[in-house]
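> What follows is a predicted protein model with its sequence.
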Amino acid sequence: KPRFIQIKGINMDADVGAHMIYIANTDVPGMIGFMGTTLGDAGVNIANFQLGREKEKGEAIALLYVDGVVEQSVLDKLTAHPAIKQAKPLVFNVD
């Protein structure tokens, strides 16, 4: 099964799922909770959640493998957080 092992020079080890969310953010406390709560409030179930960062308080990346399509309104709520620079849906044809 394919995996992500590095993105933009940031090491991580993440399964590739059919529906994923790529989030680029600044490494600050509370991000995992914010992402989880925002998605949970929208009824989005997280199957897998992987993080990586370049350095403390530097650029960070989250890859979330979710159970289905994530609405743009949910992505907009994520990017409304000042530490989140980008939240993009990813779709892959995997079994």
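That came through fine. This structure is a prediction, so every number in the text was calculated from the model and none was measured.

> With adjacent residues omitted, what lies nearest to Gln50?
Nearest non-adjacent residue to Gln50, counting by C-beta to C-beta, 6 or more residues apart in numbering: Ala14, 3.8 Å away. C-beta: built from backbone N, CA, C; applies to glycine.

> The one you found: neighbour count?
Ala14 is flanked by 21 other residues according to other C-beta atoms under 10 Å.

> hang on, it packs against Gln6?
No - with contacts counted by C-beta atoms under 8 Å, Ala14 stays clear of Gln6, the gap being 10.3 Å.

> Render the CA-only coordinates of the strand or helix carrying Gly40 in CSV, please.
Element membership of Gly40 [criterion: DSSP states H and E] is helix 31-41. Provided in CSV are the C-alpha atoms of helix 31-41 (Å, rounded to 0.1, in the frame of the first residue of the first chain):
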residue,chain,number,x,y,z
MET,A,31,-3.7,22.5,16.7
ILE,A,32,-4.5,18.8,17.0
GLY,A,33,-7.5,19.6,19.3
PHE,A,34,-8.7,22.4,17.0
MET,A,35,-8.5,20.1,13.9
GLY,A,36,-10.2,17.2,15.6
THR,A,37,-13.0,19.3,17.2
THR,A,38,-13.7,21.2,13.9
LEU,A,39,-14.0,18.0,12.0
GLY,A,40,-15.9,16.1,14.7
ASP,A,41,-18.4,19.0,15.0
